[in-house]
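Colleague: Sequence and predicted structure below; questions after.
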Amino acid sequence: DSGVTQTPKHLITATGQRVTLRCSPRSGDLSVYWYQQSLDQGLQFLIHYYNGEERAKGNILERFSAQQFPDLHSELNLSSLELGDSALYFCASSAGLQDTEAFFGQGTRLTVV
Amino acid sequence: GENVEQHPSTLSVQEGDSAVIKCTYSDSASNYFPWYKQELGKRPQLIIDIRSNVGEKKDQRIAVTLNKTAKHFSLHITETQPEDSAVYFCAASKGSNYQLIWGAGTKLIIKP
């Protein structure tokens, strides 16, 4: 158990809908990262938050948004869902901004039908 | 920006043999290089990492080497076992404002 909790584990929804994925980082970790992993693909970096502030953006679509709350949990909002958004979404946390180990959650598997 | 290339995309080795996965990076300011293992359907987990002030690091059957001049680093797994079958990802980071730049992954298959 990495200490990073993601909910829900599985999500099935229809095209055009909106979903929210939730991540609770390890206790004390200030950095949260979101990644998208499509079937048999690598990890695509979406966005990084540190202590409530957005620090870096990767290949995140305009239909997607995220935030990190004062209690450091983070949410990834995906709207106007398309079939191609079906993927495994990982959240990872690390202690801070320096080069420390990133701990991954178990992921949320999103299926858009 | 930083780019990390990883080769090969698939590697099949006989159980007991060694496996080597190589990554190259583009940004000479990168100073942290972790390797993650992802088993089927599971989350990536750190297996070993190396920082730019070190040329080699070992942990039992796993070792990582770093060549800063050539800007490449490699993962070496000796005496491979069936449980080593997984996808392995390399990554690079510049440390401050930490953000990992990931390689595309290598699927390692251990043949019995």
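Modeller: On my side now, so go ahead.
Colleague: from here on, contacts and neighbour counts on C-alpha atoms
Modeller: Will do.
Colleague: Roughly how far does the spatially most central residue of chain A sit from chain B?
Modeller: For chain A, the residue nearest the mean C-alpha position is residue A:34 (3.3 Å; CA atoms, centre = their mean). Using CA to the nearest CA, to the nearest Å, residue A:34 is found at 11 Å from chain B.
Colleague: State the helix or strand in which that residue lies.
Modeller: strand A:31-37 (DSSP states H and E).
Colleague: any idea of the mean pLDDT for that strand?
Modeller: For strand A:31-37, the mean pLDDT works out to 93.
Colleague: residues making contact with whichever helix or strand comes after it?
Modeller: Toward the C-terminus, strand A:31-37 is succeeded by strand A:44-50 as the next helix or strand (DSSP H and E). Contacts to strand A:44-50, defined as CA atoms under 8 Å, 6 or more residues apart in numbering or on different chains, come from residues A:30-37, A:54-60, A:66-68, A:96-97, B:99, B:102.
Colleague: Can you list the strands that strand A:44-50 pairs with?
Modeller: When pairs are called by DSSP bridges, strand A:44-50 turns out to pair with strand A:31-37 (antiparallel), strand A:53-57 (antiparallel).
Colleague: and whichever strand or helix holds residue B:109, is it in reach of chain A?
Modeller: Using DSSP H and E, residue B:109 falls within strand B:106-111. No. Residues of strand B:106-111 are not located near chain A by CA under 8 Å from any CA of the partner chain, the shortest gap being 9.2 Å.
Colleague: Now that strand: buried residues?
Modeller: Neighbour-count burial for strand B:106-111, counted by 16 or more other CA atoms under 10 Å in any protein chain shown, picks out B:106, B:107, B:108, B:109, B:110.
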